[in-house]
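Novice: Output the structure for:
(one chain, ligands or ions: 1)
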Amino acid sequence: MTFLHQKYHKLTPYTPGEQVDEQAVIKLNTNESPYPPAPSVQAAVADAAHKLNRYSDIAVAAVTTPLAAYLGVTPAQLFLGNGSDEVLSYLFQGFTENGIAFPDVTYGFYQVYSALYQVAATVVPLQEDFSIALTDYDSLKGTFIFANPNAPTGVYQEQSEICAFLKRHPDRLVIVDEAYIDFGGTSMVSLIDQYPNLLVVGTFSKSRQLAGARLGFAIANEGLIQDLNRLKFSLNPYNVNSLTQAAGAAVLQEQAYVDEKIQATIHVREWSKQALAKLGFEQTDSQGNFLFARHPAIAGEELYQALKEQKIFVRWFNQPRIKEYLRITVGTRAQMERLMTVLTTIIEEVKE
Ligand SMILES: *Cc1c(COP(=O)(O)O)cnc(C)c1O
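Specialist: Numbers count the residues shown, from 1 in each chain. Got it, this is the predicted structure:
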């Protein structure tokens, strides 16, 4: 017997990468930053703990004001969420009356939220090279969402093509999920005044060392942001807790630290691509903080398990088209060197 409404009986929840004890393993499975937040960020959170008896600021002003300045938008063009997952949740709930379309290989939550909110979703196959043919979406109606760079492929879609799509479809909302934009590509944020149908989603989880704090955002014209707020204030006005607000405000004072870690990740990513290529891997030219690769001699699942036995956690998706691939988060240089050593051994064993 169940008390759950029958409309949820077939819901398949999102499958996150495993969270494991970091002392014992190398964790390259959830695209987090391998670096801790700057010391000042940690101190700001400790300081904010004194005021936990009070509710958090519903306007999230401590983050909104400096983030708007950093992005070159007005505070009224910005919405803060409990992770970008919450922002995406509001978008699927409230902005999909005419359905939604997204690629077959992309962020898993798009499918999960479509099911949760019972939105008519059209899933469009990526091209053979995992790029998005935006013209495939021309004949559809309703909202269009994609990640740029895409996950888990890392493939980046050129801005000019997105602008052309926005122009062709002024009556359709286009959501660009820029979770990984700090690692490659050009953000669409500067174009929100030009395109009232554009909404950009961002996060502090990948490039700002705050995955555990849960802080994400949306940037769009004021009207769209007001509509998002209508949903937020109807569900959870205190959606960003005060410790997270303190962390977010502090990390925005640490742009030099953040930039240094982004550059380090890009550097290690490019080194890792070369190392994987030498080992015979085929891969995309990932622009994210992760690699997307397959080896012609070993099945994806087998490689995933073999790495796990050696205490290296990566992500394998039991999904059509990408079954043979692994998504490997770019860790520190030392972690990636260890990964390559272990991979070398595994591949040699297969050859024997
Ligand atoms: C990680 C990720 C998110 C979610 O980020 P949070 O802000 O931690 O909720 C959203 N979209 C994509 C494409 C991601 O990879």
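Novice: C-alpha only now, for contacts and for neighbours.
Specialist: Fine.
Novice: any idea how far residue 118 is from the residue in the stretch 251-352 of the chain that the ligand sits nearest to?
Specialist: Proximity to the ligand, evaluated over the stretch 251-352 of the chain using C-alpha to the nearest ligand atom, is greatest for residue 288 at 9.1 Å. With distances taken as C-alpha to C-alpha, to the nearest Å, residue 288 is found 30 Å from residue 118.
Novice: who has more neighbours, these two?
Specialist: residue 288 (32 against 16; other C-alpha atoms under 10 Å).
Novice: residues near the nearest residue to residue 242 once chain neighbours are set aside, how many?
Specialist: Excluding the flanking residues, the one nearest residue 242 by C-alpha to C-alpha, 6 or more residues apart in numbering is residue 56, at 4.8 Å. By other C-alpha under 10 Å, 18 other residues sit near residue 56.
Novice: swap in the one 10 residues further on?
Specialist: For residue 66, the tally of surrounding residues (other C-alpha under 10 Å) stands at 17.
Novice: surely the residue nearest to residue 242 meets residue 238?
Specialist: Yes: Residue 56 is within contact range of residue 238, at 6.0 Å (criterion: C-alpha atoms under 8 Å).
Novice: In this structure residue 314 contacts residue 31, no?
Specialist: No: using C-alpha under 8 Å, residue 314 is not in contact with residue 31, being 9.5 Å away.
Novice: Against residue 300, how distant is residue 340?
Specialist: 16 Å.
Novice: Check the gap between residue 62 and the ligand for me.
Specialist: 18 Å (C-alpha to the nearest ligand atom, to the nearest Å).
Novice: Report pLDDT for that residue.
Specialist: Looking at residue 62, its pLDDT is 98.
Novice: cool, residue 351 as well?
Specialist: Confidence for residue 351, expressed as pLDDT, is 78.
Novice: for residue 1, same thing?
Specialist: pLDDT, residue 1: 83.
Novice: Repeat that for the one 3 residues further on.
Specialist: The per-residue pLDDT reported for residue 4 equals 92.
Novice: ditto for residue 338
Specialist: pLDDT, residue 338: 97.
Novice: Tell me the residues of this protein that contact the ligand?
Specialist: 83-85, 107, 147, 151, 177, 179, 203, 205, 211, 214-216 (C-alpha under 6 Å from any ligand atom).
Novice: let's see it at 8 Å
Specialist: Taking C-alpha under 8 Å from any ligand atom as the contact definition, the chain meets the ligand at 30-31, 82-86, 88, 106-107, 109, 146-152, 177-180, 201-206, 211-212, 214-217.
Novice: Can you flag the buried ones in the residues you listed?
Specialist: 30-31, 82-86, 88, 106-107, 109, 146-152, 177-180, 201-206, 211, 214-217 (16 or more other C-alpha atoms under 10 Å).
Novice: picking up where we left off before, for the residue of the stretch 251-352 of the chain closest to the ligand, what are its contacts?
Specialist: Shown in contact with residue 288 (C-alpha atoms under 8 Å, 6 or more residues apart in numbering): 149, 151, 154, 180-181, 183-184.
Novice: can you do 7 Å?
Specialist: Residues near residue 288 by C-alpha atoms under 7 Å, 6 or more residues apart in numbering: 149, 154, 180, 183-184.
Novice: State the number of residues packed around residue 163.
Specialist: 16.
Novice: so who does it touch?
Specialist: No contacts exist for residue 163 under C-alpha under 7 Å, 6+ apart.
Novice: ok, it to the ligand distance?
Specialist: 20 Å.
Novice: Then residue 69?
Specialist: Taking C-alpha to the nearest ligand atom, one finds residue 69 at 20 Å from the ligand.
Novice: Can you show me the helices along the stretch 201-350 of the chain?
Specialist: Secondary structure of the stretch 201-350 of the chain by DSSP state H, counting those that start in this stretch: the helices cover 222-235, 242-251, 255-278, 300-309, 333-351.
Novice: Let me know which of those is tucked in deepest.
Specialist: helix 242-251 (a mean of 24; mean count of other C-alpha atoms under 10 Å).
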